[in-house]
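Q: Provided below for reference: sequence and predicted model.
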Amino acid sequence: MMTYTYKLLSSKTRKFILSMQHLPLKEQKEKLITHFEEWKKHEEQIDDVCVIGYKI
């Protein structure tokens, strides 16, 4: 049974990603993983997640 306090919506996730666009990709990756793990806590992951980052 899932007990997430809120859904990890694309709009909130997009804002989170945009808020760290000035950081190096490696740091963005670390923060995104931490953010996701804190949201998920100890619940089983039921959906796939794919995030792609690239530097121009």
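A: Nice, I can see it. Model, not experiment: these values are computed from the prediction. Numbering: from 1, shown residues only.
Q: so what does the top helix by length along the chain touch, helix or strand wise?
A: Looking across the chain with DSSP state H, the single longest helix is helix 25-40. In terms of contacts (3 or more Cβ pairs under 8 Å, 6 or more residues apart in numbering; DSSP states H and E), helix 25-40 is packed against helix 10-19. Yep, even glycine has a C-beta here, placed from its N, CA and C like the rest.
Q: CA-only coordinates of the helix it packs on, as PDB, when you get a sec.
A: The C-alpha trace of helix 10-19 is given here as PDB (Å, rounded to 0.1, in the frame of the first residue of the first chain):
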ATOM      1  CA  SER A  10       5.700  16.500 -13.700                       C
ATOM      2  CA  SER A  11       5.000  20.200 -13.000                       C
ATOM      3  CA  LYS A  12       6.600  20.100  -9.500                       C
ATOM      4  CA  THR A  13       9.500  17.900 -10.800                       C
ATOM      5  CA  ARG A  14      10.000  20.300 -13.700                       C
ATOM      6  CA  LYS A  15      10.200  23.300 -11.300                       C
ATOM      7  CA  PHE A  16      12.700  21.400  -9.100                       C
ATOM      8  CA  ILE A  17      14.900  20.600 -12.100                       C
ATOM      9  CA  LEU A  18      14.800  24.100 -13.400                       C
ATOM     10  CA  SER A  19      15.700  25.500 -10.000                       C
END
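Q: Need the phi and psi values for residue 24.
A: phi -60, psi 150 (degrees, to the nearest 10).
Q: Look at it and report its pLDDT.
A: Reported pLDDT at residue 24 in the predicted model: 95.
Q: so what's it up against?
A: Neighbour list for residue 24: empty [criterion: Cβ atoms under 8 Å, 6 or more residues apart in numbering].
Q: Would you mind measuring from it to residue 53?
A: Counting by Cβ to Cβ, to the nearest Å, the gap between residue 24 and residue 53 amounts to 10 Å.
Q: So for the longest helix of the chain, what gets flagged as buried?
A: Neighbour counts over helix 25-40 (16 or more other Cβ atoms under 10 Å) mark 28, 32, 35 as buried.
Q: For this structure, give me the ranges with low pLDDT.
A: 1-6 (pLDDT under 70).
Q: make it 90
A: 1-14, 36-51, 53-56 (pLDDT under 90).
Q: All set now, cheers.
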